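S.K.: Dropping the sequence and predicted coords here.
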Amino acid sequence: MRQQTAEKLRIGTSGWYYRHWIGRFYPAELKQAEWLEFYARHFSTVEINATFYRMPFENMIRGWARKAPPGFLYAVKGNRRITHLKKLAGVDEDIKDYFRRVELLGEHLGPILWQLPPSLHEDRQRLEAFLKKLPRGFQHAVEFRHPSWLQAAVFEVLSRYEVACVAISSSRMPMDFTETADFVYYRFHGLKGGYAHDYSREELKPWAEHARDALNRGKTVFAFFNNDAEARAPQNARELMRMIVQH
């Protein structure tokens with residue numbers, strides 16, 4: 001893989017701290033404190049979900065930054081207080097608090113993932129009011145969980161603020177590769193069987209084709225597998241990587 005392509009192709013998993021990966025991805029004798037280091041030998045990025053459930057402690061973030069090898073990026077999920085509890089409204093102070101913490105990742109900070117709840121249907125005014133409050137100089141991506149959002153007027157709002165629309169592989173949402181930023185962001189939640197789903201090459205083919213096309217146009221590609229059951233996620237992530245670079 002050319003160095004330039006390697007820097008722009010970022011494939012990984014949604015989290016790395018899974019005990020059920022022992023023996024399937026992590027060697028049985030490997031200490032838990034060494035899991036991230038082992039993971040980073042295989043992938044150049046990882047999605048952090050812990051930041052969704054609670055605001056991260058500063059020492060925790062500094063620890064992640066310290067353990068990351070050169071060039072490794074963390075994609076960080078936005079806190080649920082912002083996206084799910086307040087549904088993007090009245091979140092000025094929450095946003096400031098959140099970024100005060102995640103900025104501590106420094107050069108290892110990748111995209112910020114804002115996952116909206118399925119109960120939040122299309123509301124362009126609410127979305128744009130939120131996007132206006134986000135600090136510039138970061139890569140922001142929005143994951144919609146209700147199909148009503150997937151329309152041209154919403155994509156236009158995202159494009160105006162250079163925020164990526166997350167392309168989702170899920171049984172609950174249609175596949176949509178609409179690009180609204182200078183990077184693309186894929187999330188694989190599993191199809192049949194959800195998190196236990198094992199993606200076939202045929203199911204990954206359209207994603208590999210779109211990723212190659214995006215890379216050829218100079219875009220950065222982020223892809224994260226959330227089907228953690230039986231360590232499917234790292235297996236499928238490796239397969240997608242092979243399909244993209246060996247074509």
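M.R.: That came through, no problem.
S.K.: and residue 88, what helix or strand is that in?
M.R.: Using DSSP states H and E, residue 88 sits within no helix or strand.
S.K.: which residues does it contact?
M.R.: The neighbours of residue 88, taking C-beta atoms under 8 Å, 6 or more residues apart in numbering as the test, are 82, 116, 120, 126, 127, 129, 130. C-beta coordinates here come from the backbone N, C-alpha and C atoms, glycine included.
S.K.: From residue 135, how far off is it?
M.R.: 15 Å (C-beta to C-beta, to the nearest Å).
S.K.: now the contacts of residue 88: which count as buried?
M.R.: Buried by 16 or more other C-beta atoms under 10 Å: 82, 116, 120, 127, 130, out of the contacts of residue 88.
S.K.: Strands of the chain, residue ranges please.
M.R.: 9-13, 45-48, 73-77, 109-115, 140-143, 164-165, 167-170, 183-190, 220-225 (DSSP state E).
S.K.: follow-up on the earlier one: so which of the contacts of residue 88 belong to helices?
M.R.: 126, 127, 129, 130 (DSSP state H).
S.K.: List just the nearest of those to residue 221.
M.R.: residue 127 (23.9 Å; C-beta to C-beta).
S.K.: Is the closest one in contact with residue 154, as I believe?
M.R.: Yes. Counting by C-beta atoms under 8 Å, residue 127 does reach residue 154; the two are 7.0 Å apart.
S.K.: need the contact list for the spatially closest residue to residue 87 that is not a sequence neighbour.
M.R.: Ranked by C-beta to C-beta, 6 or more residues apart in numbering and with sequence neighbours excluded, the top spatial neighbour of residue 87 is residue 120, at 5.4 Å. The contact partners of residue 120, by C-beta under 8 Å, 6+ apart, come to 87, 88, 145, 146.
S.K.: what's the spacing between residue 120 and residue 194?
M.R.: Distance from residue 120 to residue 194, by C-beta to C-beta: 21 Å.
S.K.: list the contacts for the residue nearest to residue 95 when sequence neighbours are not counted?
M.R.: Closest residue to residue 95 apart from its sequence neighbours, by C-beta to C-beta, 6+ apart: residue 133 at 5.7 Å. Residues counted as contacts of residue 133 (C-beta under 8 Å, 6+ apart) are 91, 92, 95.
S.K.: Next, the contact list for the second one, please.
M.R.: In this structure, residue 92 makes contact with residue 133, judged by C-beta under 8 Å, 6+ apart.
S.K.: So which residues of the protein form helices?
M.R.: 3-8, 35-42, 50-53, 58-67, 80, 92-102, 124-133, 152-160, 201-216, 232-245.
S.K.: Can you pull out the low-pLDDT segments for this protein?
M.R.: Counting by pLDDT under 70, the chain shows low-confidence ranges at 1-4.
S.K.: So what's the residue count around residue 17?
M.R.: Residue 17 has 14 neighbouring residues, counting by other C-beta atoms under 10 Å.
S.K.: next one: residue 205
M.R.: 12.
S.K.: cool, the one 10 residues further on as well?
M.R.: When neighbours are counted by other C-beta under 10 Å, residue 215 registers 19.
S.K.: mind checking how far it is from residue 9?
M.R.: 6 Å.
S.K.: Mind listing the shared neighbours of these two?
M.R.: In contact with both residue 215 and residue 9: 221, 244, using C-beta under 8 Å, 6+ apart.
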